[in-house]
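Student: after the sequence you'll find the predicted model.
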Amino acid sequence: MRVIRTIAELREALEYMRQGGHGPIGFVPTMGYLHEGHASLLRKAGEKSGTVVMSIFVNPLQFGPNEDFASYPRDEQRDLALAEREGADLVFIPSVEEMYPQPIRTGVSVSSLTSQLCGASRPGHFDGVTNVVSKLFHIVQPEYAFFGLKDAQQVAVLRRMVSDLNMNVDIIACPIVREEDGLALSSRNVYLSSEERRQALVLSRSLREVRQAMEEGSIRTVDEARALLVSVISESPLAVIDYAEILTFPDLEELEGGSRLTDAGGEVIMALAVKFGRTRLIDNNVFIPKEAHALV
């Protein structure tokens, strides 16, 4: 495994790989502080690609003024050990100055998909994501890029960016990886106190209970499903709900509250963002309501 810190060196290494016939390039962009979720992306990249590139870059553009850029967890040596264990060939770790040597005056923005869910409470966040990912795509020029579905809105936004701009890369969405007790893996989980972590299990439980209620036929409409999500989460005294929404996926369009879930016509997403103390966690479930209803 080779660690690279400049764009010029990375391009040189990738050109060598291409000329050597090492097969398609799979790319795993991350902000570091890696966990088993990132490891699963690397393994998937290894299955589909001849060369696996991972980037580790805490991108300041996607943090708001009151968010945790300065304190975002970082552990380069731990990250490199995981990347090597999971078969990464190249690990790109640029500085902020390397990525942004001068103020950015060119932007990439996806409208509509970024105005709800996390985009509503974190204005500018997804512009930061699309700017850095498009920049990384131009640097790496991968055939495949791998992202976890824990941030399903990010997946939807990046797929639309790639489609609208005819970028020659396939976005591969990989399943959410969870702890044995159901908590979705996140670099921010380290911020949780023991009691906050215990209560955070209500997120995955709320998603399971709504799916079960749908499968049993005890709830049928969007309003009923949303009300049950909020009710279950509210059983946790420390939970402060940012949003609990049910939308179409991947277009992230609103569904009429009184409409039947089975009339959605395709995939829907139940998406949550909830704060426990100072830590904001997200979770979701993407599914086809007609298939869930068929289980009754």
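Tutor: Yep, it's here.
Student: residues in contact with the helix or strand where residue 138 lies?
Tutor: Using DSSP states H and E, residue 138 sits in helix 125-140. Helix 125-140 has contacts (Cβ atoms under 8 Å, 6 or more residues apart in numbering) with 7, 10-11, 14, 25, 27, 29, 53, 55, 57, 59-64, 92, 99, 104, 107-110, 113-114, 118-119, 145, 153-154, 157-158, 161-162, 165, 167, 169. Every C-beta, even on glycine, is put in place using the N, C-alpha and C of the backbone.
Student: now the buried members of those residues.
Tutor: 7, 10, 14, 25, 27, 29, 53, 55, 57, 59, 61-63, 92, 99, 110, 113-114, 118-119, 145, 153-154, 157-158, 161-162, 167, 169 (16 or more other Cβ atoms under 10 Å).
Student: any low-confidence regions in the protein?
Tutor: Residue ranges of the chain with pLDDT under 70: 291-296.
Student: now the helices for the stretch 151-296 of the chain?
Tutor: 152-164, 194-200, 202-216, 222-233, 289-293 (DSSP state H, counting those that start in this stretch).
Student: what would those look like in TSV with distance to residue 48?
Tutor: Listed next are the helices of the stretch 151-296 of the chain as TSV, based on distance: least, Cβ to Cβ, whole Å:
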stretch	distance to residue 48
helix 152-164	16
helix 194-200	32
helix 202-216	28
helix 222-233	34
helix 289-293	26
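Student: so which of these is nearest residue 254?
Tutor: Set against residue 254 and scored by Cβ to Cβ, those come closest in helix 222-233, at 8.8 Å.
Student: for the helix or strand residue 45 falls within, which helices and strands make contact with it?
Tutor: For residue 45, the host element (DSSP H and E) is helix 36-48. For helix 36-48, the elements it packs on are strand 25-30, strand 51-56, helix 76-85, strand 144-148, strand 170-174, judged by 3 or more Cβ pairs under 8 Å, 6 or more residues apart in numbering; DSSP states H and E.
Student: who wins for proximity to residue 45 among those?
Tutor: That would be strand 25-30 among these, by Cβ to Cβ, at 3.5 Å.
Student: direction included, what does the closest one pair up with?
Tutor: Strand 25-30 sits in its sheet next to strand 51-56 (parallel), strand 144-148 (parallel), going by DSSP bridges.
Student: and the angle for it with helix 76-85?
Tutor: 150 degrees (axes from the mean of the first three to the mean of the last three Cα atoms, to 10 degrees).
Student: for the nearest residue to residue 178 once chain neighbours are set aside, give me its contacts.
Tutor: Nearest residue to residue 178 in three dimensions, chain neighbours excluded: residue 184, at 5.4 Å (Cβ to Cβ, 6 or more residues apart in numbering). Contact analysis of residue 184 by Cβ under 8 Å, 6+ apart lists 37, 150, 176, 177, 178, 203, 204, 281, 282, 283.
Student: likewise residue 36?
Tutor: 177, 185.
Student: most tightly surrounded among the strands paired with strand 25-30?
Tutor: For these, average neighbour numbers computed from mean count of other Cβ atoms under 10 Å are highest in strand 51-56, which has a mean of 26.
Student: now that one - C-alpha only, PDB.
Tutor: The C-alpha trace of strand 51-56 is given here as PDB (Å, rounded to 0.1, in the frame of the first residue of the first chain):
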ATOM      1  CA  THR A  51      -6.800  -0.900  -8.200                       C
ATOM      2  CA  VAL A  52      -8.400   0.400  -5.000                       C
ATOM      3  CA  VAL A  53      -7.900   4.100  -4.100                       C
ATOM      4  CA  MET A  54      -9.000   5.500  -0.800                       C
ATOM      5  CA  SER A  55      -8.900   9.200   0.100                       C
ATOM      6  CA  ILE A  56      -8.900  10.500   3.600                       C
END
